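Engineer: Fold the following, please.
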Amino acid sequence: NGVCTCEGNYGCDRCTVTELAGSGTTRTTSTSPPRTIDLCDMTWGGGVCTKDEHCGNGLCLDKKCVCYANWGCDYCSLDVSQDVINLGAQCGDYVSGYGACTDGSNEC
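Structural biologist: Modelled structure (predicted):
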């Protein structure tokens with residue numbers, strides 16, 4: 001849990017978001033009406049996992065999901081461009097099928 005020093009044009013606490021000239025880590029959605037969101041406020045992994053398949057578009061490292069670039073939420077289920085910016089979706093808005101059942105059942 002150290003402090004990250006971001007390289008290039010990456011920002012946020014864990015260097016997860018590409019900063020754009022003029023807007024930094026904020027984006028305007030394509031929804032009607034448009035909303036301005038700060039991508040640093042999104043969850044970028046961290047879901048409990050035991051194997052990579054639990055993490056959708058990411059990897060399971062030290063029993064936590066680590067998302068690939070441009071994928072967010074606990075289990076790396078939202079694509080930043082398609083889901084967040086174009087549709088205005090937020091983590092928890094819909095279930096994509098990624099995740100791990102914590103009660104031992106086959107349904108979450």
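Engineer: Which pLDDT value goes with residue 96?
Structural biologist: The model reports residue 96 with a pLDDT of 55.
Engineer: cool, residue 92 as well?
Structural biologist: pLDDT recorded at residue 92 is 77.
Engineer: Repeat that for residue 68.
Structural biologist: The predicted local confidence for residue 68 is 90.
Engineer: cool, residue 106 as well?
Structural biologist: Looking at residue 106, the pLDDT reads 47.
Engineer: What is the burial count for residue 61?
Structural biologist: The local packing of residue 61 (other C-beta atoms under 10 Å) involves 12 other residues. For the C-beta atoms, the positions are set from N, CA and C on the backbone; glycine is no exception.
Engineer: and if you look at residue 51?
Structural biologist: Using other C-beta under 10 Å: residue 51 sits among 10 other residues.
Engineer: Report whether the expected contact of it with residue 60 is present.
Structural biologist: Yes. Contact between residue 51 and residue 60 holds when scored by C-beta atoms under 8 Å: they sit 5.5 Å apart.
Engineer: Just the strands from the chain, written as ranges.
Structural biologist: 10-11, 17-18, 26-28, 36-38, 58-61, 64-67, 71-72, 78-79 (DSSP state E).
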